[in-house]
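Need a 3D model of the following:
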Amino acid sequence: NEVYDPATNTWEPRQTMPTARNHAAVGVVNNKIYVIGGRVGAGFITRGFSVDIVEEYDPATDQWGALMARLPTPRSAVAFGTSKGKIYVAGGEIYTDRMLGAYRAVEAFDPVANVWTTLPPMQFPRHGLAGDFIGNRLHLVSGNVQAASSGGHVDVDHHHALELP
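Here you go, the predicted model:
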C-alpha cells in the first residue's frame with residue numbers, strides 16, 4: 001500500500017493491506033477506499049483462490065478498519081464501478097476442488113449501511129471484463145466466458161448495461 005504524490009513525483013509507503021491479493025475490485029465512497037474480493041495465493045486462478053473479503057482503508061488516517069460485510073459471491077477478475085455511494089461488482093471467476101468457472105453475478109455494496117444487494121445477472125458469465133458508469137448506467141464490456149484454461153478461451157464481444165433507478 002503506497003501513495004503517489006504527482007507534485008513531487010514520489011511514492012510513500014502506507015499501512016500494509018491486511019489481506020494481500022490481486023484481481024480485486026476497488027471503489028471509493030466518502031473518501032474511503034474499499035478493496036473487495038480478489039485472489040490470494042497466486043496471480044493465476046488455478047494456483048490461488050478467490051475470497052469474499054471486503055476491507056476498508058481510510059487514507060486520511062492511514063488506517064485499515066474492521067472487516068466489512070462479505071462479498072456474497074467470492075470471486076476474482078471482476079468488473080466494478082462506483083455510483084451514488086455504492087460499489088458495483090460484476091462477473092468474475094472462481095476455482096475450487098469441484099469447479100472452475102465464470103459468473104453472471106452482479107452485486108452492489110453500500111459501505112455506509114454495510115450491506116450487499118443482488119441485482120439481475122449478466123446475460124453471459126465472464127471474467128476479465130471491464131466496467132464503469134456512464135451517467136446512471138453500469139456498462140460491462142468484453143471478458144472471457146471460460147475460466148483459466150478450462151477448454152480454451154472464448155472472448156466475448158458483448159455489451160451489458162444495468163440502469164440504476
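
which residues does residue 29 contact?
Neighbour list for residue 29: 82, 85-87, 111-112 [criterion: Cβ atoms under 8 Å, 6 or more residues apart in numbering]. No exception for glycine: its C-beta is placed from N, CA and C like everyone else's.

For it, list each beta-bridge partner.
Applying DSSP bridges to residue 29 gives these bridge partners: residue 32.

From residue 54, how far out is the residue nearest the centre of the chain?
When Cα atoms, centre = their mean is applied to the chain, the residue found nearest the centroid is residue 25 (2.2 Å). Distance, residue 25 to residue 54, by Cβ to Cβ, to the nearest Å: 9 Å.

Give the residues shared as contacts by those two.
Residues touching both residue 25 and residue 54 (Cβ under 8 Å, 6+ apart) are 35-37.

possible to save those as a markdown table with distance to residue 9?
As requested, the shared contacts of residue 25 and residue 54 are arranged in a markdown table below (distance: Cβ to Cβ, whole Å):
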| residue | distance to residue 9 |
| --- | --- |
| 35 | 25 |
| 36 | 30 |
| 37 | 32 |
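
wouldn't residue 112 be in contact with residue 87 here?
No. The pair residue 112 / residue 87 is not scored as a contact, 11.2 Å apart, by Cβ atoms under 8 Å.

Compare neighbour counts for those two and give me the winner.
residue 87 (22 against 10; other Cβ atoms under 10 Å).

what sits against that one?
Counting by Cβ under 8 Å, 6+ apart, residue 87 touches 25, 27, 29, 34, 36, 80-81, 108-109, 111.

and if you look at residue 79?
Applying Cβ under 8 Å, 6+ apart, we find residue 79 in contact with 25, 89-91, 129-132, 140, 143.

swap the cut-off to 7 Å and go again
By Cβ atoms under 7 Å, 6 or more residues apart in numbering, residue 79 lies in contact with 90-91, 129-131, 140.

related to what we said a few turns ago, ok, of the contacts of residue 29, which one's closest to residue 20?
Nearest to residue 20, judged by Cβ to Cβ, of the contacts of residue 29 is residue 87 at 20.3 Å.
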